[in-house]
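J.: any chance you can model this:
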Amino acid sequence: MNTELSKTFDPAQIEARWYAHWEKGGLFRPERPDAQPFTIVNPPPNVTGSLHIGHALDNTLQDIVVRYERLRGKDALWVVGTDHAGIATQMVVERELEKQQDKRTNYSREDFIAKVWEWKEESGGTITRQLRRLGCSMDWSREQFTMSPEFTRAVTKVFVDLHNEGLIYRDKRLVNWDPKLKTAISDLEVETQDVKGHFWHFKYPLADGVTLDSGQDYIQVATTRPETMLADMAVAVHPTDERYASVIGKEIVQPITGRRFKVIADEHADPELGSGAVKITPGHDFNDFEVGKRAGIAPGEMLNMLDAEGNVCQTADGLVPEEFLGLHRFRKDGVDGARELVVARMKELDCLIPHVDKDGEEHDAEPRTIATPFGDRGGVVIEPWLTDQWYVDAEKLARAPIEAVRSGKIEIVPKSWEKTFFNWMENIQPWCVSRQLWWGHRIPAWYDEDGKAYVAESEEEAQALAGNKALTRDEDVLDTWFSSALWPFATLGWPEQTDLLAKHYPNDLLISGFDILFFWDARMAMQGMHLIGEAPWKRLYLHGLVRAADGQKMSKSKGNVVDPLGLIDQYGADALRFFMAAMESQGRDVKMDESRVEGYRNFATKLWNATRFCQANGIGGSRSIAAPQATSAINKWIVGEVVETLAALDKAMADLRFDAAANAIYHFVWDTFCDWYLELIKGQIDDETRAVAGWALDQILVMLHPFMPFITEELWHAQGERPYELILAKWPEPSAKIDPQAKAEIEWLIDLTRNLRAAKNEIGLAPGAKLEAWLAQPSAIAGKVLSTSTAALDRVARLSAVHAGAAPGGAALQVGVGSDSLVIPLEGLIDVEAEKARLAKALAASEKEARSLAGRLSNANFVERAKPEAVEKARADHAHHAAEAERLKAALDRLG
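T.: Next up is the predicted model:
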C-alpha cells in the first residue's frame, strides 16, 4: 500500500523523524557477526566544537562510504567520539568562570577539573547533535571520549611503554610558547599573520682591537627582534664569505650586556642577504637553536632571557642590565618594552645604523611586513622558548609508516600526497608531547628531590621504582594529538585484546583533511605500527579544504565563513551532502557555491515529483531485487541503464572518486529516468512497465541513499510496505544484461528528440509545434524505431508523421541522427530567407566579438598586467562567443 506523497518536498519535516528512527532502532550498527567487517574512524572533533563547513565535507564523505558498505552487507562500523581538546576546553571553562568574576587559580587542580567535567556533561554535546543533523550514521552506542577511564588507561600505558623503550624522553629544546596561555603549543595551533614591523641594523664591535680586512672594527647585523640580543651567543657568517674569513673564531662584545662570544662559520648565514652576518640567539629562535648546537653550544648552556609571560628575566650568566628586568618583550598597554629600550640604548651607544629611505631621510629602522606567528587561541605572538619538555623519538617511529607507504601496505589517495608525506616523515623532528595545562591526560611521571623522573602507570609503581622516596607528580598534561594518535585501536578496546579489536583492526579507510596529515594521520600510523604491528588503515584518503566562492580561505576576519547548519535549514541536509560529494574532486579544494546547493535541493524535488508520478500511475515498490522480465525496447533500455549506472558507481566508489559517483547517479536520475524514461512511457504504462519502472525507482533509491539518505528513506517507504528500512537494503546486483539493440533504438529516439528541439530553438519555432519529416533511406535502427515507437515520436519528438522517401521541394530543415538525416519542410512555418538573414547577422556579430577577444588574449601585455578576474572574464566571453558562432553556423547549415 503506497503512502501518498504531499505535493511539496519539505526536507525539515522528514530529516529529524528518520534520524531518530534509525538511531533508536540501532540501524547504524546492525548485528552482522559473520559479515565481512568494514571499519572507519571519525576524526574526533573537539568536545567544545560546533559543526563547520570542513566537518560537513569530511563527515559527508565518510557517511557515503559507510552507508555504501552497509548496503553491500558488510559489518560496517563507524567509530565516533570527541576529543577532550586540552587548551580549547580549559579556555572555555576559564571564560565561563570569568563571567562570574571567578578564575581558575581560585581552585585546586582537582576542583577545576571537576568544573570541566561539569561543563562537558552540560554543554559538550553540541557537535554530536549537529553531526546527527547532517545524517551521519555513526555507532552512537559506543560513543568514545579521549578522557574516558578506558581511553586514559590506554594513553598512560603507551607513554610508559614508549618511555621504557627509550622512545619518550625529557629534553631541553625550543618550543612554540604561548605567553598568554603559558603553555607549549603544537605547530597546528600557530597561525602566521603578516604584521607591519621594522628591520633594525646594528653594529656589533669586534673585541681586542680586531678588525675586518677593510679596517672596519665591527660586524653589522640586522634583526626584526632586537630585544633578543640580550641573550645573543654568537654571530654567524658563511664559511666561504671572504669578507669575514679573518675574524672567524674571534670575539664580539655585545654592546648592552658586555657578553663576549665568537664569530662562527655556519651555512645558515647567507652572504647575499644584507651584510651576510647573522646574530645568533639559540634560546629564542628555531634556526639559531640548530646553529648553536652545530657550534657546540649544548641546550643546557643556551641563554633564556624571558619568563613564561614574555617578560625579561635574568640570564644564567647574569649579564642583563637591571633596567630591563621585568619589562615585557615589547610595548604593551602603552608602556615601552624591552624592544624599545634595547633600540634606545643601542642608539645611545652609537651602535644603531640608521635606515636611509628613498628620499635620503634617516630613520631608526626600515619598515617591513613580517610574517609573525600567533597562537590561534591565545591570540598573542608566539615565543620560541627554551624549556624542559617530554619528547617522542618520532624519527624512529616514522620508519615503519614510511616503509608501509612505499610497499603499498598503506595507500594514500590521491597518490600525489605521497611526496609530501615522505618529505615530512624523512625529516621529522622530535615531537613535544607535554603541555602546561590542567585539563588533559596528566603525564605519568614522578620526581624525587633531586629531580630524577620515575615513569610508571601509577604512583604506587613509581614509588616502588624510587625505593619509597618522597615523590612529586609532573604537573604537565599530554598533547591532545598524543592521545588521538591511539584512536584507531584504543576505541576498539586496546590494550585489552577484544573481539572488536581483532575484527576491526586494522581499519579499512581513513578520510581526513590534508591539513592534519602530519598532526594526526602520520602519528596514528606511527603508534599503530609500533604498538600493534600493523598499519592502522589500508587506505588514507586526503580531501581538500572548503573555500569561499572566490577561492579564498574562509575566516571569521574576512566574513566569508559559511554555516553548514544554515544551509541545512534552508535546503536540507541531503542537498548539502550531495553538493559536498559532487564537488569533491581528488587533489582539489571545494569552492562553496550556494546556488549549487540549491540546485541539488531542486534535484531532490525532481525525484520527489517523479515518485509522485509513479504513484499516480500505479507504480509501486518492487517485490524483487532482480530485474523484472522486460520485452519492450524502452523497458529493456532502462534495465540496461541501471546496470551501467551501477557499474559506474561501483568503480567510482572503489577509486574513492566521490565526484564521479555523484555525477553518475545524478545524470541517471535527472536525465535518464526522469526526463526520458518517464516521458517515453507516458500513455503506455502496462503491467510490465509498472513492474520495471517500480524496480528501476527502487534501484535509484538504493544507489542514491549513501548520498541523500533522508529523502530516499522517505520515498522507499512511500512506495509500499517494505520488509526492512532502506538503510539496511541490499545493494543492487541486477542479473540482467544490457540489450544492445534496445539501447541503440532508444538512444536514436532520444538523439532525434534532442536534436529536433535544438533545431527548433535555433530557427525560432515553438517547442510544441508538431512537424512532419521525410527520411529517404532509413537505417536499420531508424526503421525499427519508426515502426514501433510512433506514439513516442508524436508525443515526445512532436513528429506527427515520418515518411519514407524523398521530401517535397522547397525550404526545409535538416536534422541529423547518427547516419540518418531527416528533412522537415518549412513552407508556411517560417520565412526561411528572413531567418537566414537573421542568423547570418548574428553569426557575423559573434565572430567579430570572438576575434576581438582572441586578439586581446593574445596580447601578452593584457594577460600579464590586467587583473586576473579581467583576464578570466575575457577568456569566458571568448569561449561563449566562439561557441555561439559554431551554433549559428550549424543553424544556417540546417536551413540548407
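
J.: how about Ala874, what does it touch?
T.: Contacts were defined as CB atoms under 8 Å, 6 or more residues apart in numbering; by that measure Ala874 touches 853, 856-857, 862, 866. Yep, even glycine has a C-beta here, placed from its N, CA and C like the rest.

J.: which of these fall in helices?
T.: Cross-referencing the contacts of Ala874 with the helices (criterion: DSSP state H) gives 853, 856-857, 862 as the overlap.

J.: nearest to Glu267 among the residues you listed?
T.: Using CB to CB, Phe862 is the member of these that lies nearest Glu267, at 43.8 Å.

J.: so what's that closest one up against?
T.: Phe862 makes contact with 856, 871, 874 under the criterion CB under 8 Å, 6+ apart.

J.: in stretch 422-441, what's buried?
T.: For stretch 422-441, a neighbour-count test (16 or more other CB atoms under 10 Å) marks 425, 428, 431-441 as buried.

J.: restricting to C-alpha, output it in CSV.
T.: The C-alpha coordinates for stretch 422-441 follow below in CSV (Å, rounded to 0.1, in the frame of the first residue of the first chain):
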residue,chain,number,x,y,z
PHE,A,422,57.8,11.3,2.6
ASN,A,423,59.4,14.7,2.7
TRP,A,424,57.9,15.4,6.2
MET,A,425,58.4,11.9,7.6
GLU,A,426,62.0,11.6,6.4
ASN,A,427,62.9,15.0,8.0
ILE,A,428,60.8,14.6,11.1
GLN,A,429,61.8,16.3,14.4
PRO,A,430,61.3,15.2,18.0
TRP,A,431,57.7,15.5,18.9
CYS,A,432,57.0,17.7,22.0
VAL,A,433,54.1,16.0,23.9
SER,A,434,53.9,17.9,27.2
ARG,A,435,51.6,20.8,27.8
GLN,A,436,51.4,23.2,30.7
LEU,A,437,47.7,22.8,31.4
TRP,A,438,45.4,21.2,34.0
TRP,A,439,42.8,19.6,31.7
GLY,A,440,44.2,16.6,29.9
HIS,A,441,46.0,13.3,30.5
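
J.: mind checking how far it is from the chain centre?
T.: How far stretch 422-441 lies from its chain's middle: 22 Å, per CA atoms, centre = their mean, to the nearest Å.

J.: all further residue positions should be reported with the first residue as 4.
T.: New numbering, starting at 4: the last item is stretch 425-444.

J.: which residues of the chain score low on pLDDT?
T.: Residues of the chain meeting the criterion pLDDT under 70: 4, 834, 897-899.

J.: ok so, going back, please indicate which of the contacts of Ala877 are buried?
T.: 856, 859.

J.: in the buried residues of stretch 425-444, find the pair that's most separated.
T.: The two members of the buried residues of stretch 425-444 with the most space between them (CB to CB) are Met428 and Trp441, at 32.8 Å.

J.: quick one: terminal-to-terminal distance for stretch 428-448?
T.: The straight-line separation of the ends of stretch 428-448 (CA to CA, to the nearest Å) is 28 Å.

J.: centre of the chain to it, how far?
T.: Once both centres are worked out by CA atoms, centre = their mean, stretch 428-448 turns out to sit 25 Å from its chain's centre.

J.: please apply the same query to stretch 435-455.
T.: When distances are taken as CA atoms, centre = their mean, stretch 435-455 is centred 34 Å away from the chain's centroid.

J.: so Thr372, which state does it fall into?
T.: Classification of Thr372 into helix, strand or coil gives strand, according to DSSP: H, G, I helix; E, B strand; the rest coil.

J.: which ones are touching it?
T.: 197-200.

J.: please redo it, this time with the cut-off set to 6 Å
T.: 197, 199 (CB atoms under 6 Å, 6 or more residues apart in numbering).
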